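# next one to model:
(one chain, ligands or ions: 2)
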Amino acid sequence: MFARLTSSKKFLPIAIGIGAASIATAVILQQNHSIMSESSKALKGDNQWIDLPIIKIEKLSHDTKRFTFALPKKDQVSGLTVASCVLAKFVTLKGSNVIRPYTPVSDINTKGEIEFVIKHYENGKFTSHLFGLKENDTVSFKGPISKWEWKPNSFDSITLLGAGSGITPLYQLVHHIAQNPQDNTKIHLYYGNKTPSDILLKSELDNLQSKYPEQVKVTYFVDKAEDKFEGKTGFITKEFLSSDAPKATEKNQVFVCGPPPFMKAYSGPKVSPSDQGELTGILAELGFTKDNVFKF
Ligand SMILES: Cc1cc2nc3c(=O)[nH]c(=O)nc-3n(C[C@H](O)[C@H](O)[C@H](O)COP(=O)(O)OP(=O)(O)OC[C@H]3O[C@@H](n4cnc5c(N)ncnc54)[C@H](O)[C@@H]3O)c2cc1C
Ligand SMILES: *[C@@H]1O[C@H](CO)[C@@H](O)[C@H](O)[C@H]1NC(C)=O
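Numbers count the residues shown, from 1 in each chain. Ligands and ions are numbered 1, 2, ... in the order given. This is a model prediction of the structure:
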């Protein structure tokens, strides 16, 4: 389509006359450009559900898989921003909708596909359906829903506290910031799991840390260690954070994401998507305030 219009720009002026044709062509090109930039995003934030087929399923741990979906067009980007999530839906045999939010982990500039890391809950409505699907089956998506609009260098540093599949929005931030050469924000990620084999996206996180050692520092914590585990055993303690993480100032922002007991311990629960609730727990004890902490 673009090629055709470019060639019409070359030849039309000769046929119709330079002035009129170049104005007409400019209008067509401009309209075409705005249509293209809209259609280059698969998810447009327009409340429309789109069905995407699964193109790859990879096992990441005993209960978690990475699902890669194809976007409608190969040259499209997902339309995501950092940090955002999308809604996924399937319709049961009885005709009721099951809708859940998920946080993509693919880069926002990746074309043609979108990736998720999703944990299977036994008896979980959505995930039991999803984990029964195979390649080429589809899931409906809409969004994106912005959670935090990241602006490069808006803080000197950020502290990320996550557990289990709560890593997904934190991973979005880490890899988006690290791969932007213009963004100098320092990142401390503290990531807790039950055992080393439950750690999600470990090779991706290790790669970011070794590629950007001055910028990204990841510390893994597990309840129970196995042989040769290079990380900490036990919870992410207040004492550890106090000596290792940036202090509570307006130049350091904290992001927290994990299951309810994790949220309760570090930041206090989030009340609802629009109400962050009070800051309590370990972060409050370390002197952080509600303004320095975002609960995903
Ligand atoms: C903004 C946001 C982003 C998210 N991103 C991700 C992500 O990237 N990856 C990811 O894996 N998850 C993510 N989640 C979690 C996800 O949205 C779902 O909550 C999760 O997948 C479980 O959905 P489900 O339908 O399978 O389970 P549900 O049916 O909702 O059940 C969840 C759990 O509760 C139990 N349960 C259900 N009903 C009852 C009951 N009546 N009594 C007791 N227990 C019950 C189930 O057995 C299961 O263990 C995100 C959540 C939010 C809010
Ligand atoms: C999915 O579709 C592709 C293209 O139509 C096909 O080559 C492939 O075999 C299909 N995979 C499965 C598991 O059905």
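# around ligand 1, which positions in the chain sit nearby?
By CB under 6 Å from any ligand atom, the part of the chain that sits against ligand 1 consists of 85, 100-103, 116-119, 121-127, 165, 168. Placement of C-beta: from N, CA and C, glycine included.
# buried ones among these?
Listed as buried from the residues of the chain next to ligand 1 are 85, 100, 102-103, 116-119, 126-127, 165, 168; burial here means 16 or more other CB atoms under 10 Å.
# reformat these as a markdown table; add secondary structure and distance to S61.
What follows is those, written out as a markdown table (DSSP: H, G, I helix; E, B strand; the rest coil; distance: CB to CB, whole Å):
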| residue | secondary structure | distance to S61 |
| --- | --- | --- |
| C85 | strand | 21 |
| R100 | strand | 19 |
| Y102 | strand | 17 |
| T103 | coil | 17 |
| F116 | strand | 14 |
| V117 | strand | 10 |
| I118 | strand | 11 |
| K119 | strand | 8 |
| F126 | helix | 18 |
| T127 | helix | 14 |
| S165 | helix | 10 |
| T168 | helix | 14 |
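# any buried residues in stretch 169-185, and which?
Buried residues in stretch 169-185, defined by neighbour count with 16+ other CB under 10 Å: 169-178, 183, 185.
# F221: which of these is nearest?
Lowest distance from F221 to the buried residues of stretch 169-185 (CB to CB) belongs to L170, with 13.9 Å.
# secondary structure element holding the closest one?
L170 is part of helix 167-178, with elements assigned from DSSP states H and E.
# nearest spatial neighbour of T233, skipping sequence neighbours?
Distance criterion CB to CB, 6 or more residues apart in numbering; nearest residue to T233, sequence neighbours excluded, is A225 at 4.6 Å.
# so who does the one you found touch?
Taking CB atoms under 8 Å, 6 or more residues apart in numbering, we find A225 in contact with 195-196, 231, 233.
# repeat that with 10 Å
Each residue near A225 by CB atoms under 10 Å, 6 or more residues apart in numbering is listed here: 195-196, 231-234.
# repeat for H188
H188 is in contact with 157-161, 216-219, 241, 244-246, 252, 254, counting by CB under 10 Å, 6+ apart.
# strand partners (parallel or antiparallel) of the helix or strand where it lies?
If you go by DSSP H and E, H188 is part of strand 186-193. When pairs are called by DSSP bridges, strand 186-193 turns out to pair with strand 157-163 (parallel), strand 216-222 (parallel).
# turn these into JSON lines, columns for distance to ligand 2, mean pLDDT and mean neighbour count.
Written out in JSON lines, the entries for the strands paired with strand 186-193 read as follows (distance: least, CB to the nearest ligand atom, whole Å; pLDDT from 0 to 100; neighbours: other CB atoms under 10 Å):
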{"stretch": "strand 157-163", "distance to ligand 2": "33", "mean pLDDT": "98", "mean neighbour count": "24"}
{"stretch": "strand 216-222", "distance to ligand 2": "35", "mean pLDDT": "98", "mean neighbour count": "19"}
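# now for these, which one comes closest to N109?
Closest to N109 of the strands paired with strand 186-193 is strand 216-222 (CB to CB; 19.1 Å).
# for A265, grab the count of nearby residues.
19 (other CB atoms under 10 Å).
# okay, the helix holding L170 in CSV with CA atoms only?
What follows is helix 167-178, C-alpha atoms only, in CSV (Å, rounded to 0.1, in the frame of the first residue of the first chain):
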residue,chain,number,x,y,z
ILE,A,167,7.3,-10.5,38.5
THR,A,168,5.5,-9.7,35.2
PRO,A,169,4.8,-6.0,35.6
LEU,A,170,8.3,-5.6,37.3
TYR,A,171,9.9,-7.3,34.4
GLN,A,172,8.1,-5.0,32.0
LEU,A,173,9.8,-2.0,33.8
VAL,A,174,13.3,-3.6,34.1
HIS,A,175,13.7,-4.6,30.6
HIS,A,176,12.1,-1.5,29.1
ILE,A,177,14.4,0.8,31.2
ALA,A,178,17.6,-1.2,30.8
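# now for that helix, which elements pack on it?
Helices and strands touching helix 167-178, by 3 or more CB pairs under 10 Å, 6 or more residues apart in numbering; DSSP states H and E, are strand 84-91, strand 113-119, strand 157-163, strand 186-193, helix 202-211, strand 216-222, strand 252-257.
# I'd like the average pLDDT over that helix.
For helix 167-178, the mean per-residue pLDDT is 98.
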